[in-house]
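Trainee: What would the 3D arrangement of this be:
(chains A and B)
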Amino acid sequence: MAGRDLQARERAAVADVVASTLRHDLRNKLASIRNASFYLMRQVKKTDLWSADPRVETFFQLIEKELTSAEDVLSKRAPPPTGGTRPRCSARVGVEHALAEAQVPPSVEVVRDLKEQGGVPLEAEDLALLVRCLVDNALEAMPRGGTLTVHTRDTESGVCLRVEDTGEGLAPEAYSRALEPFFTTRSHHAGLGLSIVHRTAVRHGWQLDLGAGPSGGTYVEIQFTGAEAGAHDRSDVTRGSK
Amino acid sequence: METNWTFGRCLLLVEDDPSNRMTLSALLEDAGFAVVTAGSYSEAAGLLNRPRAYDAVLLDQSLGDGFGTGLIPLVRHHMPKTKVVFVTGHDGKIDMPVDAVFRKGGHFDDLLAFLFKLLPQRPLGA
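Mentor: Predicted coordinates for the structure are as follows:
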């Protein structure tokens, strides 16, 4: 049941990234068309054609009207959920949930270094999805095996989660692109996992750091803020400690 | 408004979409700005490491070979008086250390009015 829920959230997150990417790309195209149309209109206004054929102005107005309609369609979003209490969960609950769902090959050793006491401002399933994206990414970076380490610790501003692999790491130019949707260095991969994590981090104002770890592999670190450190639901901790 | 206040002002437009770069730079030049363009992160980084008195840098976020945010420290370091404007097609909250955010797709006249408010006014004849 929990696995299906995580899959449903993963599908929703993927759809969110795809839709957002499409909106962004379409907005780019519409901006080009609007700017080109505006430039042409200003140039044509300087010529006799502008006064000789009233349809020229009408057609520029029509282009503008249709562009505005298209942008309105792009801007329509589902209203954000309202009411209810702010979600909060134990980081280790999300980590354990994600690790239970991940397909860890025997050649990969999983190290848990879970030291946090504070809470994360997410529902446990949403945190599990983020960790699952990071874990899958780390596992894919180690096709010949290695060590996957998940660290959590308390910081002054909240909880820090770090997922690290001992793979070959990324080329320097790939680090700057790794968070983009559909960017991947591996065949048969959609390249959406890190983008899902990045979108969530940006939406919540969390700091996300990606870089080369001491082994030469890659680490991704999220600094969660917005939940009171040390004030988590004790029942979550108990479950997560099992 | 255009030719008076834009004369002598220089903008760096960092935009990886060729159509957007071409149309926006044409409009900005038509309005009186001097416009330098960069079509990628690396091209922009190269320009920013050779400081020039840009009045503002118009930055897109997704640049193909990097993120516009990565260029902000270069601007702040080399050109502390230069304004940084994010011109973005991304939706959602923008929480970045920039001077202003302009949503891509808006009317050019709005962008012009936006820049007019953002850039420090100069005394007449300066």
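
Trainee: check which helix or strand covers the spatially most central residue of chain A.
Mentor: Of all residues in chain A, the one closest to the mean position by CA atoms, centre = their mean is residue A:196, 2.4 Å from it. Using DSSP states H and E, the element containing residue A:196 is helix A:193-204.

Trainee: Pull the residues that contact the helix or strand following that helix.
Mentor: Sequence-wise, the next helix or strand downstream of helix A:193-204 (DSSP H and E) is strand A:207-212. Residues outside strand A:207-212 that contact it (CB atoms under 8 Å, 6 or more residues apart in numbering or on different chains): A:169-170, A:175, A:178-179, A:194, A:197-198, A:201-202, A:218-223, A:225. Just so you know, the C-beta spots here come from the backbone N, C-alpha and C atoms, and that holds for glycine as well.

Trainee: mind redoing it with 10 Å?
Mentor: With contacts defined as CB atoms under 10 Å, 6 or more residues apart in numbering or on different chains, strand A:207-212 is touched by A:157-158, A:160, A:162, A:164, A:169-170, A:172, A:175-176, A:178-179, A:194, A:197-198, A:200-202, A:218-225.

Trainee: Filter these down to the buried ones and hand me the PyMOL line.
Mentor: Selection of buried members from the contacts of strand A:207-212 for PyMOL, criterion 16 or more other CB atoms under 10 Å in any protein chain shown:
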select buried, chain A and resi 158+160+162+164+169+170+175+176+178+179+194+197+198+200+201+202+218+219+220+221+222+223+224+225
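
Trainee: Counting only helices, which of the contacts of strand A:207-212 make the cut?
Mentor: Those of those mapping onto helices are A:172, A:175, A:194, A:197-198, A:200-202, per DSSP state H.

Trainee: can you list the residues you listed in a markdown table and add pLDDT and distance to chain B?
Mentor: Supplementary listing: those in a markdown table, determined by pLDDT from 0 to 100; distance: CB to the nearest CB, whole Å:
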| residue | pLDDT | distance to chain B |
| --- | --- | --- |
| A:172 | 70 | 11 |
| A:175 | 68 | 9 |
| A:194 | 82 | 13 |
| A:197 | 84 | 15 |
| A:198 | 83 | 10 |
| A:200 | 82 | 11 |
| A:201 | 82 | 10 |
| A:202 | 76 | 7 |
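
Trainee: And the residues you listed, which two are furthest apart?
Mentor: A:172 and A:200 (25.6 Å; CB to CB).

Trainee: and the helix holding residue A:196 with strand A:207-212, angle?
Mentor: For helix A:193-204 against strand A:207-212, the angle by axes from the mean of the first three to the mean of the last three CA atoms, to 10 degrees is 150 degrees.

Trainee: Direction included, what does the strand ranked longest in chain A pair up with?
Mentor: The residue-count maximum for a strand in chain A (DSSP state E) belongs to strand A:146-155. Applying DSSP bridges, strand A:146-155 is found paired with strand A:108-114 (parallel), strand A:158-164 (antiparallel).

Trainee: For it, buried residues please.
Mentor: For strand A:146-155, a neighbour-count test (16+ other CB under 10 Å) marks A:146-152 as buried.

Trainee: For residue A:37, give me its contacts.
Mentor: A:59-60, A:63-64, A:67, B:23.

Trainee: Which members of those are classed as buried?
Mentor: By 16+ other CB under 10 Å, the contacts of residue A:37 give A:60, A:63-64, A:67, B:23 as buried.

Trainee: Kindly reformat those as CSV containing distance to residue B:16 and pLDDT.
Mentor: Formatted as CSV, the buried ones among the contacts of residue A:37 follow (distance: CB to CB, whole Å; pLDDT from 0 to 100):
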residue, distance to residue B:16, pLDDT
A:60, 28, 94
A:63, 25, 93
A:64, 26, 90
A:67, 22, 90
B:23, 14, 93
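
Trainee: can you map out the helices along chain B?
Mentor: Applying DSSP H to chain B gives helices spanning B:2-6, B:18-30, B:41-48, B:72-78, B:108-118.

Trainee: nearest to residue A:19, of these?
Mentor: Distance to residue A:19, taken as CB to CB, is lowest for helix B:18-30 among the helices of chain B, at 20.9 Å.

Trainee: Check the gap between the closest residue in space to residue A:163 that isn't next to it in sequence and residue A:201 for me.
Mentor: Ranked by CB to CB, 6 or more residues apart in numbering or on different chains and with sequence neighbours excluded, the top spatial neighbour of residue A:163 is residue A:134, at 4.0 Å. Look at residue A:134 and residue A:201: by CB to CB, to the nearest Å, they are 11 Å apart.

Trainee: shared neighbours, the two?
Mentor: By CB under 10 Å, 6+ apart, the residues touching both residue A:134 and residue A:201 are A:220, A:222.

Trainee: From the chain's centroid, how far away is stretch A:194-205?
Mentor: Relative to its chain's centre, stretch A:194-205 lies at 4 Å (CA atoms, centre = their mean, to the nearest Å).

Trainee: got the helices of chain B as CSV, with distance to residue A:102 columns?
Mentor: As requested, the helices of chain B are exported to CSV (distance: least, CB to CB, whole Å):
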stretch, distance to residue A:102
helix B:2-6, 56
helix B:18-30, 40
helix B:41-48, 33
helix B:72-78, 36
helix B:108-118, 46
